[in-house]
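Asker: Below are the sequence and a predicted model; questions follow.
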Amino acid sequence: MIEIRTAVPEDAPYIALLGRVTFTETFSEYFRDPQDLFDYYERTFNVAKIRAGIQNNNNKFWIAFWNDLPIGYAKLKVVSPTEFITADAVSQLQKIYVLKEFLDKKAGKALMDQLMYFFNNSASTHLWLSVLNSNERALNFYYKNGFSKAGEHQFTIGKETFDFIALSKQKFSSL
């Protein structure tokens with residue numbers, strides 16, 4: 001059974017470890033130099049950084065559990081303008097990461113539902129995200145959840161440069 005709850009600062013070690021493990025499961029094969037990957041982890045999935053992120057009012061984190069075991073998390077940046085969307089009230093879905101062995105348990109969908117509930121009740125009108133252009137599973141997940149292509153960009157980690165697709169979704173207003 002999946003349980004989703006809002007993350008608290010004490011969850012930062014869980015989220016840091018989940019970030020490292022899920023990123024390794026999905027992307028490690030793209031790195032020629034293991035040090036580039038390690039350095040990225042130290043910058044991105046640093047416990048103190050994640051704890052500060054959880055405490056930042058511009059971020060919202062959710063954590064997913066399976067029988068009390070942390071199995072994934074999601075992060076929303078509440079205010080996050082982008083070149084891909086001209087609207088003023090824009091949020092960014094920065095991460096939905098789920099351990100590989102729990103992907104078929106629909107933890108990603110449960111996290112997305114929590115994030116979308118928050119977004120739909122926020123002042124934001126648009127939501128955007130970036131996904132590696134070769135990550136078919138993620139692309140299909142986001143398309144199935146109503147996102148559409150908004151643009152393309154590149155992202156560099158160490159010696160590697162990756163092609164990403166920016167996706168967006170607009171909140172529907174009730175008239």
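Answerer: Now that the structure is in, tell me what you want to look at. All values reported here derive from a predicted model rather than from experimental measurement. Residues are numbered from 1 along each chain as shown.

Asker: For stretch 26-44, buried residues please.
Answerer: Across stretch 26-44, burial judged by 16 or more other CB atoms under 10 Å covers Thr26, Phe27, Phe31, Asp36, Leu37, Tyr40. All C-beta spots, glycine's among them, are computed from the backbone N, C-alpha and C.

Asker: Select from these every entry located in helices.
Answerer: Counted as lying in helices by DSSP state H, out of the buried residues of stretch 26-44, are Thr26, Phe27, Asp36, Leu37, Tyr40.

Asker: next one: phi and psi at the residue at minimal distance from the centre of the chain?
Answerer: The residue lying closest to the centre of the chain (CA atoms, centre = their mean) is Lys95, at 0.7 Å. With angles defined as degrees, to the nearest 10, Lys95 sits at phi -150, psi 140.

Asker: does Thr161 really touch Asp36, like I thought?
Answerer: No. Between Thr161 and Asp36 there is no contact under CB atoms under 8 Å: 11.4 Å.

Asker: re the thing from before, just put the buried residues of stretch 26-44 in a markdown table and tack on distance to Asn56 and pLDDT.
Answerer: Shown next, in a markdown table, are these (distance: CB to CB, whole Å; pLDDT from 0 to 100):
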| residue | distance to Asn56 | pLDDT |
| --- | --- | --- |
| Thr26 | 25 | 91 |
| Phe27 | 25 | 92 |
| Phe31 | 29 | 94 |
| Asp36 | 27 | 95 |
| Leu37 | 26 | 93 |
| Tyr40 | 21 | 95 |
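
Asker: In a strand, Ala166, correct?
Answerer: Yes. Counting by DSSP: H, G, I helix; E, B strand; the rest coil, Ala166 is found in a strand.

Asker: remind me which residues of this protein are low pLDDT?
Answerer: Where the chain drops to pLDDT under 70, the residues are 173-175.

Asker: if we go to 50?
Answerer: 174-175 (pLDDT under 50).

Asker: Show me the strands in it, by range?
Answerer: 2-6, 59-66, 69-77, 90-98, 126-132, 148-157, 160-170 (DSSP state E).

Asker: which one of the ones you listed is the most hemmed in?
Answerer: When you average the neighbours per residue for each of the strands of the chain (mean count of other CB atoms under 10 Å), strand 90-98 leads with a mean of 23.

Asker: That strand: how far from the chain's middle?
Answerer: Centroid separation for strand 90-98 versus its chain: 3 Å, with CA atoms, centre = their mean, to the nearest Å.

Asker: can you check stretch 140-151 too?
Answerer: Worked out by CA atoms, centre = their mean, stretch 140-151 lies 14 Å from the chain centre.

Asker: quick one, phi psi at Gly146?
Answerer: On the backbone of Gly146 - angles per degrees, to the nearest 10 - the values are phi 90, psi 10.
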